[in-house]
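> Provided below for reference: sequence and predicted model.
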Amino acid sequence: MTVESVRPEDTTATAEPPVAGGAVPLLGHGWRLVRDPLAFLSQLRDHGDVVRLKLGPKTVYAVTTPALTGAVALSPDYIIAGPLWESLESLLGKEGVATANGTLHRRQRRTIQPAFRLDAIPAYGPIMAEEAYELVERWRDAGGVLDITYESFRAAVRVAARCLMRGGYMDAHADRICADLTTLFAGMYQRMVVPLGPLYKVPLPANREFNRALADLHVLVDEIVADRRASGQKPDDLLTALLEAKDDNGDPIGEQEIHDQVIAILTPGAETVGSTVMSLLLVLTEHPELGDKIRDEVKSVVGDRRVAFDDVRRLTYTANVVTETLRLYPAVWILTRRAVADTELGGYRIPKGADLIYSPYAIQRDRRSYERNEDFDPDRWLPERSKDVPKYAMSPFSVGNRKCPSDHFSMAELTLITAVVAHAYRFEQASDSDPRPRIGITLRPRRLMLRARPR
């Protein structure tokens with residue numbers, strides 16, 4: 001199945017997609033997306049390849065099959081926009097690589113892409129390994145129960161900041177970034193599925209906390225840029241590239257674009273990696289045999305020395321555990337796009353200006369694409385088995401020109417952290433742990449409290 005622009009004379013795609021059941025007055029399907037979004041989105045394919053939803057007064061088109069979600073991601077007739085991106089706009093702005101479209105997005109990709117080239121990533125390896133082993137040492141010294149939300153996001157922020165925006169000043173900022181993001185990504189999901197507009201400006205406690213976190217994060221980014229400029233230093237990192245970037249006229253890019261680019265690099269990357277580290281630790285807790293196999297692989301590949309970046313490519317079982325975690329617990333579990341032309345999708349007409357929504361979580365757990373679809377099975381990513389996975393049924397980093405530029409960076413980081421911590425510890429949940437999914441813009445365990453038992 002493909003996406004094709006509908007020419008004026010084309011009258012073949014006139015059917016409207018079916019409407020999903022369960023809508024309620026005023027809120028439409030928004031209440032189901034608040035109450036139990038994972039179950040709701042996972043059953044939509046049973047009603048059609050494309051299904052209409054109501055979010056308040058808006059009609060949104062839900063796309064449910066791997067082929068069609070891949071086509072939407074690759075088609076120029078759909079841009080980054082819609083309820084998800086509108087809810088993120090107050091954080092990410094309009095001039096960063098995460099939210100920009102067209103020529104601005106292409107220029108920004110050219111600016112940041114060198115930092116994520118395959119041949120550039122090994123230079124970050126020592127920092128990744130250092131942070132992974134710092135986790136091991138912190139947990140050995142801490143004793144007792146670990147707050148895995150804090151630990152995971154702290155590690156993700158520190159790796160991103162130290163690799164891409166080098167400077168000791170990032171140490172003092174890491175905790176603030178983590179605290180602010182925790183508040184923001186929860187509030188933004190509610191604003192997406194229940195678009196109450198002006199009501200979110202009412203000075204209720206939740207709104208005040210959201211606005212405080214948002215203001216603090218923007219101040220924090222301005223401090224990072226100001227500190228770098230005041231230092232007079234120009235290390236070979238992404239922040240230097242941004243400060244020296246030129247626009248299409250050869251002039252320095254504006255302050256707002258620099259600000260939005262730093263936000264776009266620090267926050268989504270740290271949020272998604274931190275969420276995935278949490279999910280990985282939950283998986284190791286619930287399936288201790290996986291940790292045993294990872295430890296055996298590390299001993300076989302590495303021996304008695306510390307795990308290094310150069311070992312990552314040979315830690316194939318560990319990487320498969322990471323991949324299976326990304327399948328079942330994708331941090332980016334919901335995405336939206338907007339049609340910029342009348343198009344045909346799966347035999348249905350999609351009007352210009354329509355918003356589309358699709359869920360990597362639902363796609364990657366679909367029984368039509370995976371045998372034992374709910375089982376955690378790292379071996380499904382062995383070469384002889386992974387070839388049977390339908391195209392676009394596994395796209396944790398997206399595809400096309402919106403593919404995450406840090407995909408190889410993130411996979412290396414996640415594999416290295418998983419190898420190091422699984423080699424050192426077994427994990428048990430504490431009595432006050434709550435591993436249920438926490439629904440926000442990203443997906444992660446609600447409150448993961450673990451005890452790390454040395455091996």
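It's in.
> Please, which helix or strand holds residue 139?
Using DSSP states H and E, residue 139 maps to helix 125-142.
> how far off helix 125-142 does the helix ranked longest in the chain point, in degrees?
Taking DSSP state H as the criterion, the chain has its longest helix at helix 255-286. For helix 255-286 against helix 125-142, the angle by axes from the mean of the first three to the mean of the last three C-alpha atoms, to 10 degrees is 50 degrees.
> C-terminal to helix 255-286, what's the next element?
By DSSP H and E, the next helix or strand past helix 255-286 is helix 288-302.
> Please save the CA atoms from the helix or strand following that following helix in CSV.
Using DSSP H and E, the helix or strand that follows helix 288-302 towards the C-terminus is helix 316-328. C-alpha atoms of helix 316-328 as CSV (Å, rounded to 0.1, in the frame of the first residue of the first chain):
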residue,chain,number,x,y,z
THR,A,316,25.0,-9.1,19.9
TYR,A,317,22.7,-10.7,22.5
THR,A,318,22.8,-7.6,24.6
ALA,A,319,21.9,-5.5,21.6
ASN,A,320,19.0,-7.9,20.8
VAL,A,321,17.7,-7.3,24.4
VAL,A,322,17.9,-3.6,23.8
THR,A,323,16.0,-4.0,20.4
GLU,A,324,13.3,-6.1,22.0
THR,A,325,12.9,-3.6,24.7
LEU,A,326,12.5,-0.9,22.1
ARG,A,327,9.8,-3.0,20.4
LEU,A,328,7.7,-3.7,23.5
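> next SSE after helix 316-328?
strand 335-339.
> Counting by contacts, list what that next one packs against.
Packing partners of strand 335-339 (3 or more C-beta pairs under 8 Å, 6 or more residues apart in numbering; DSSP states H and E): strand 78-79, helix 83-92, strand 355-358. C-beta here means a position set from N, CA and C on the backbone, and glycine is covered the same way.
> mind running it again at 10 Å?
On a contact count with 3 or more C-beta pairs under 10 Å, 6 or more residues apart in numbering; DSSP states H and E, strand 335-339 meets strand 58-63, helix 66-74, strand 78-79, helix 83-92, strand 355-358.
> Going by mean pLDDT, which of those comes out lowest?
Lowest mean pLDDT within the helices and strands packed on strand 335-339: helix 83-92, a mean of 62.
> how far out from the middle of the chain is the helix holding residue 139?
23 Å (C-alpha atoms, centre = their mean, to the nearest Å).
> In that helix, which of the residues would be classed as buried?
Across helix 125-142, burial judged by 16 or more other C-beta atoms under 10 Å covers 125, 127, 128, 129, 131, 132, 133, 135, 136, 139.
> Can you name every helix or strand that that helix contacts?
Short answer (3+ C-beta pairs under 10 Å, 6+ apart): helix 125-142 packs on strand 146-147, helix 148-164, helix 407-424, strand 425-429, strand 449-454.
> For residue 366, give its distance to residue 247.
43 Å (C-beta to C-beta, to the nearest Å).
> And residue 267, by the same measure?
When residue 267 is compared with residue 247 (using C-beta to C-beta), they lie 23 Å apart.
> Between the two, which is the more surrounded one?
Using other C-beta atoms under 10 Å as the criterion, residue 267 and residue 247 rank with residue 267 on top: 24 against 12.
> tell me the pLDDT at the more buried one?
The model reports residue 267 with a pLDDT of 75.
> Show the pLDDT at residue 325.
The score at residue 325 is 98. That number is its pLDDT.
> Ignore what I typed, I meant residue 94.
With respect to pLDDT, residue 94 has a value of 63.
> Could you export the helices and strands packed on helix 125-142 as a markdown table, including distance to residue 285, mean pLDDT and mean neighbour count?
As requested, the helices and strands packed on helix 125-142 are arranged in a markdown table below (distance: least, C-beta to C-beta, whole Å; pLDDT from 0 to 100; neighbours: other C-beta atoms under 10 Å):
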| stretch | distance to residue 285 | mean pLDDT | mean neighbour count |
| --- | --- | --- | --- |
| strand 146-147 | 11 | 94 | 18 |
| helix 148-164 | 9 | 85 | 24 |
| helix 407-424 | 11 | 94 | 23 |
| strand 425-429 | 4 | 96 | 19 |
| strand 449-454 | 6 | 96 | 18 |
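> mind putting the ones you listed in TSV, distance to residue 57 included?
Below are the helices and strands packed on helix 125-142 laid out as TSV (distance: least, C-beta to C-beta, whole Å):
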stretch	distance to residue 57
strand 146-147	40
helix 148-164	35
helix 407-424	37
strand 425-429	43
strand 449-454	41
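> quick one, which of the ones you listed is nearest to residue 80?
Closest to residue 80 of the helices and strands packed on helix 125-142, according to C-beta to C-beta: helix 407-424, at 17.1 Å.
> can I get the CA coordinates of that closest one in CSV?
Only the C-alpha atoms of helix 407-424 are listed here, as CSV (Å, rounded to 0.1, in the frame of the first residue of the first chain):
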residue,chain,number,x,y,z
ASP,A,407,19.9,6.4,16.3
HIS,A,408,23.4,4.8,16.1
PHE,A,409,24.5,7.0,19.1
SER,A,410,21.6,5.9,21.2
MET,A,411,21.9,2.2,20.3
ALA,A,412,25.5,2.2,21.3
GLU,A,413,24.8,4.1,24.5
LEU,A,414,21.9,1.7,25.5
THR,A,415,23.9,-1.4,24.6
LEU,A,416,26.9,-0.3,26.6
ILE,A,417,24.9,0.7,29.7
THR,A,418,22.9,-2.5,29.6
ALA,A,419,26.1,-4.6,29.4
VAL,A,420,27.8,-2.9,32.2
VAL,A,421,24.9,-2.9,34.7
ALA,A,422,23.7,-6.4,33.9
HIS,A,423,27.2,-7.7,34.4
ALA,A,424,27.5,-6.0,37.8
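> Tell me the helices and strands packed up against it.
Where contact means 3+ C-beta pairs under 10 Å, 6+ apart, helix 407-424 is packed against helix 125-142, helix 148-164, helix 255-286, helix 288-302, helix 316-328, strand 449-454.
> list the buried ones in the third one?
When burial is assessed from 16+ other C-beta under 10 Å, helix 255-286 yields the following buried residues: 257-285.
> got the angle between that helix and strand 449-454?
Using the same axes, to 10 degrees: helix 255-286 against strand 449-454 is 70 degrees.
> same question, the first one
Direction vectors for helix 125-142 and strand 449-454, defined by the same axes, to 10 degrees, enclose an angle of 100 degrees.
> coming back round to it: please identify which of the helices and strands packed on helix 125-142 is closest to residue 55.
Using C-beta to C-beta, the helices and strands packed on helix 125-142 put helix 148-164 closest to residue 55, at 28.6 Å.
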